[in-house]
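In: sequence and predicted model, in that order:
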Amino acid sequence: QVQLVESGGGLVQAGGSLRVSCVASGRTFSMNAMGWFRQAPGKEHEFVAAISRNGGNIYYADSVKGRFTISRDNTANTVYLQMNSLKPEDTAVYYCAARRHIWTTSSRDDYDYWGQGTQVTVSS
């Protein structure tokens, strides 16, 4: 099993920046692609970004492209999401996810492991 723990969420003003992190533990050798999803109140889970194990394949949702950057440090078993130019509509609980397969994907059902989430609130 793999355990994922997110941190770094908080309250920020519109236009500001925030970085959320996700540390993995357990059978981390079984992890390959990783991703970030978010869920705003009353809405479905939304794909945000995904990254392959070696970082060579990165994929963003159109809504965050150019503002968010996903990265990972495999030696630290950590994946990051740097969020810049934040907007009130970015307010959500942000979840880290990992999958055993090597391919990145935006489909929530393709991920095997999930964190508990971290709240990001952007005030206008």
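Out: That came through, no problem.

In: I'd say Phe47 and Ser106 touch.
Out: Yes. Under the contact definition of C-beta atoms under 8 Å, Phe47 touches Ser106, with a separation of 3.9 Å. Backbone N, C-alpha and C define where each C-beta goes, glycine included.

In: those two: who's more crowded?
Out: Higher neighbour count among Phe47 and Ser106: Phe47, with 19 against 15, using other C-beta atoms under 10 Å.

In: quick one: the more buried one is in a helix?
Out: No. Counting by DSSP: H, G, I helix; E, B strand; the rest coil, Phe47 is not part of a helix but strand.

In: so who does Phe47 touch?
Out: Contact analysis of Phe47 by C-beta atoms under 8 Å, 6 or more residues apart in numbering lists 35, 37, 61, 106-108.

In: can you give me the buried ones in the helix or strand encompassing Leu81?
Out: Element membership for Leu81 (DSSP states H and E) is strand 78-83. Residues 78-81, 83 are the ones in strand 78-83 that count as buried (16 or more other C-beta atoms under 10 Å).
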